[in-house]
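Q: Test case, fold it:
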Amino acid sequence: MIHLLFATDFSELSLKTLSSALKLNSLINGKVVLFHAYRLTGSPGTMTDEYIQDMEKEMKTSLHDFGKSLNEACGLTFHFEYLLFEGTIIHGIEKAMELGKADLVFLSGHETFWGVNAVHIMENVFCPVWIIPENQGKDIPQNILYPTDLENLEQEMDFMYALIDLLSAKLTILHIIKDIPGIEDNHAESIEEMLKSNYINDNISIIVKIENDISKEILETIHSTDSDLVVFFEDKHSWIERWFDKDIPEQVAKKNEVPVLRVVRDMPIIFS
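A: Sure, this is the predicted structure:
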């Protein structure tokens, strides 16, 4: 069974966005792990065993109370697993991954965990992540946008077929060809024809564009197609490669108003 890690800071906005994630789980049917990372504060003299135990007890109570509120908000009686971590949210998610409790991490787009927001987590913890913005529309996405560079198209489409079947959604495949001055033959027509001949049907549409600013074009296509979920696929890079690469998924997530799902190619999400 897939483990879904719901990271919360106990705020009202976290309750709102994770309520959408819990409703989505009615289709995914995964094991939901409510997760909270906290930091011990105070001078060394106050860090007694009693203080540490009291803080852990308080956080555990708060996490269970959040689970009750989440069920009440959704009208459910869902049974959660609970996971606390003393330390940073990034190290906490990495620990959850080690424990096999984070096949897919749900984050609220607004959240700040000790000054760390969801996109920063996405940049620094390389695992499958679903970011839900504060003002998302539908709980269950119905129009999915899939930007692709075509390099791993066949493998990625296996996942996309499973996803649109799970959600009963429509899919738009978007390929953007970088506009390079002086190059006239960019093969746009042949690429579009190939995509249409292999993938187009009543639930799948194709868009091929020639643009210079890829992130900007993705954001514009989200609005023009009324997309309510964007799915990106990435390979795992070192932090130095990712820093200089200025990854497009992170750029889009920072400016986007609809959920973003980042899938890691060597960490497949399997919907049973």
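
Q: pLDDT weak spots in this protein?
A: For the chain, applying pLDDT under 70 flags the ranges 110-116, 137, 180-186, 236-246, 272.

Q: What residue spans form the domains of it?
A: Annotated domains of the chain cover 3-132, 143-264 [automatic domain parsing].

Q: Show the end-to-end separation of the last one, please.
A: Just to be clear, that refers to domain 143-264. For domain 143-264, the first-to-last residue distance is 21 Å (C-alpha to C-alpha, to the nearest Å).

Q: How far does it sit from its chain's centre?
A: 15 Å (C-alpha atoms, centre = their mean, to the nearest Å).

Q: Format the domains of the chain as JSON lines; extra columns: mean neighbour count and distance to Phe271.
A: C-betas here are computed from N, CA, C, even on glycine. Shown next, in JSON lines, are the domains of the chain (neighbours: other C-beta atoms under 10 Å; distance: least, C-beta to C-beta, whole Å):
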{"stretch": "domain 3-132", "mean neighbour count": "17", "distance to Phe271": "6"}
{"stretch": "domain 143-264", "mean neighbour count": "16", "distance to Phe271": "5"}
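
Q: CSV for these, including distance to Ile270?
A: Below are the domains of the chain laid out as CSV (distance: least, C-beta to C-beta, whole Å):
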stretch, distance to Ile270
domain 3-132, 8
domain 143-264, 8
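
Q: these two touch, right, Asp226 and Asn143?
A: Yes: applying C-beta atoms under 8 Å, one finds Asp226 in contact with Asn143, separated by 5.5 Å.

Q: Identify the bridge partners of the residue found closest to Gly100 once you drop the neighbours it is linked to in the chain.
A: Once flanking residues are discounted, Gly100 sits nearest to His3: 6.5 Å by C-beta to C-beta, 6 or more residues apart in numbering. Partner residues in beta bridges with His3, using DSSP bridges, are Lys31.

Q: residues in contact with His3?
A: With contacts defined as C-beta atoms under 8 Å, 6 or more residues apart in numbering, His3 is in contact with Gly30, Lys31, Val33, Gly100, Lys101, Ala102, Asp103, Leu104.

Q: Which of those fall within strands?
A: With DSSP state E as the criterion, strands contain Lys31, Val33, Leu104 from among the contacts of His3.

Q: In terms of helices and strands, where is Leu70?
A: helix 49-74 (DSSP states H and E).

Q: and the ones in strands among the contacts of His3 as a markdown table, adding distance to Ser20?
A: Rendered in a markdown table, the data for the ones in strands among the contacts of His3 read as follows (distance: C-beta to C-beta, whole Å):
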| residue | distance to Ser20 |
| --- | --- |
| Lys31 | 18 |
| Val33 | 17 |
| Leu104 | 14 |
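
Q: any idea how far Phe159 lies from Leu166?
A: When C-beta to C-beta, to the nearest Å is applied, the distance between Phe159 and Leu166 equals 10 Å.

Q: now swap in Tyr51 and tell me
A: 46 Å.

Q: Equivalent analysis for Arg262, please.
A: Distance, Arg262 to Leu166, using C-beta to C-beta: 17 Å.

Q: Residues contacting stretch 193-207, please?
A: 157, 164, 169-175, 192, 208, 221, 225.

Q: Alpha carbons only: can I get the strand or helix carrying Val119 in PDB?
A: Following DSSP H and E, one finds Val119 within helix 118-124. Output of helix 118-124 as PDB, limited to C-alpha atoms (Å, rounded to 0.1, in the frame of the first residue of the first chain):
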ATOM      1  CA  ALA A 118       6.800  24.000   0.400                       C
ATOM      2  CA  VAL A 119       8.900  25.000  -2.700                       C
ATOM      3  CA  HIS A 120      12.100  25.100  -0.600                       C
ATOM      4  CA  ILE A 121      11.300  21.600   0.700                       C
ATOM      5  CA  MET A 122      10.700  20.500  -2.900                       C
ATOM      6  CA  GLU A 123      14.100  21.800  -3.900                       C
ATOM      7  CA  ASN A 124      15.900  20.200  -1.000                       C
END
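
Q: What is that helix packed up against?
A: helix 89-98, strand 104-108, strand 129-132, helix 248-255 (3 or more C-beta pairs under 8 Å, 6 or more residues apart in numbering; DSSP states H and E).

Q: That helix: how far from the chain's middle?
A: 10 Å.

Q: so who does the nearest residue to Tyr38 once chain neighbours are set aside touch?
A: Nearest residue to Tyr38 in three dimensions, chain neighbours excluded: Met59, at 5.1 Å (C-beta to C-beta, 6+ apart). By C-beta under 8 Å, 6+ apart, Met59 lies in contact with His36, Tyr38, Leu84.
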